[in-house]
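Peer 1: using only what follows, build the 3D model:
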Amino acid sequence: MLLFGVFFMFVTGLLNAAEFLCHANDIHWSAACDAYAWVCLSIILSLFTPAYLLGSPVFFFALVFADIGLWFITLMKFGVV
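Peer 2: Now for the predicted structure:
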């Protein structure tokens with residue numbers, strides 16, 4: 001479980017750092033960049049999911065539901081849902 005916490009914090013940290021650097025250099029930060037970061041996060045986590053198939057089935061299905069929730073959040077960031 002530590003991997004997922006670190007993964008989400010790393011992506012959020014990268015987003016915050018990119019936003020800070022854009023503001024520090026007078027570059028306009030678009031909110032669309034946030035949505036594309038969530039797309040990358042969703043793709044990577046979805047690709048990691050089969051690696052946990054050999055472990056606990058409960059954890060694997062929890063991860064599948066987390067993937068579904070993450071894609072739903074991604075669609076919300078784009079304004080689709």
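Peer 1: surely Cys22 touches Asp34?
Peer 2: No. Taking Cβ atoms under 8 Å as the contact criterion, Cys22 and Asp34 are not neighbours in contact, 11.9 Å apart. C-beta coordinates here come from the backbone N, C-alpha and C atoms, glycine included.
Peer 1: next, the buried residues of stretch 43-59.
Peer 2: Neighbour counts using 16 or more other Cβ atoms under 10 Å place 45-46, 52 of stretch 43-59 among the buried residues.
Peer 1: which one of those residues is nearest Leu15?
Peer 2: When the buried residues of stretch 43-59 are ranked by distance to Leu15 (Cβ to Cβ), Leu45 comes first, at 15.6 Å.
Peer 1: farthest residue from the center of the chain?
Peer 2: With distances taken as Cα atoms, centre = their mean, the residue sitting farthest from the centre of the chain turns out to be Asp26, at 26.4 Å.
Peer 1: for that residue, give its distance to Leu63.
Peer 2: 41 Å (Cβ to Cβ, to the nearest Å).
Peer 1: CA atoms only for whichever strand or helix holds Ile73, dumped as CSV, please.
Peer 2: Here Ile73 sits within helix 57-78, counting by DSSP states H and E. What follows is the C-alpha trace of helix 57-78 in CSV, where atoms were taken according to Å, rounded to 0.1, in the frame of the first residue of the first chain:
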residue,chain,number,x,y,z
PRO,A,57,-7.4,-11.5,-4.4
VAL,A,58,-9.0,-9.0,-2.0
PHE,A,59,-6.2,-6.5,-2.6
PHE,A,60,-6.4,-7.1,-6.4
PHE,A,61,-10.1,-6.4,-6.6
ALA,A,62,-9.6,-3.3,-4.3
LEU,A,63,-7.0,-2.1,-6.8
VAL,A,64,-9.4,-2.7,-9.7
PHE,A,65,-12.0,-0.6,-8.0
ALA,A,66,-9.3,2.0,-7.3
ASP,A,67,-8.5,2.0,-11.0
ILE,A,68,-12.2,2.5,-11.9
GLY,A,69,-12.4,5.4,-9.4
LEU,A,70,-9.2,6.9,-10.7
TRP,A,71,-10.6,6.9,-14.3
PHE,A,72,-13.8,8.5,-13.0
ILE,A,73,-11.8,11.3,-11.3
THR,A,74,-9.9,11.7,-14.6
LEU,A,75,-13.1,12.1,-16.5
MET,A,76,-14.3,14.6,-13.9
LYS,A,77,-11.1,16.7,-14.3
PHE,A,78,-11.9,16.8,-18.1
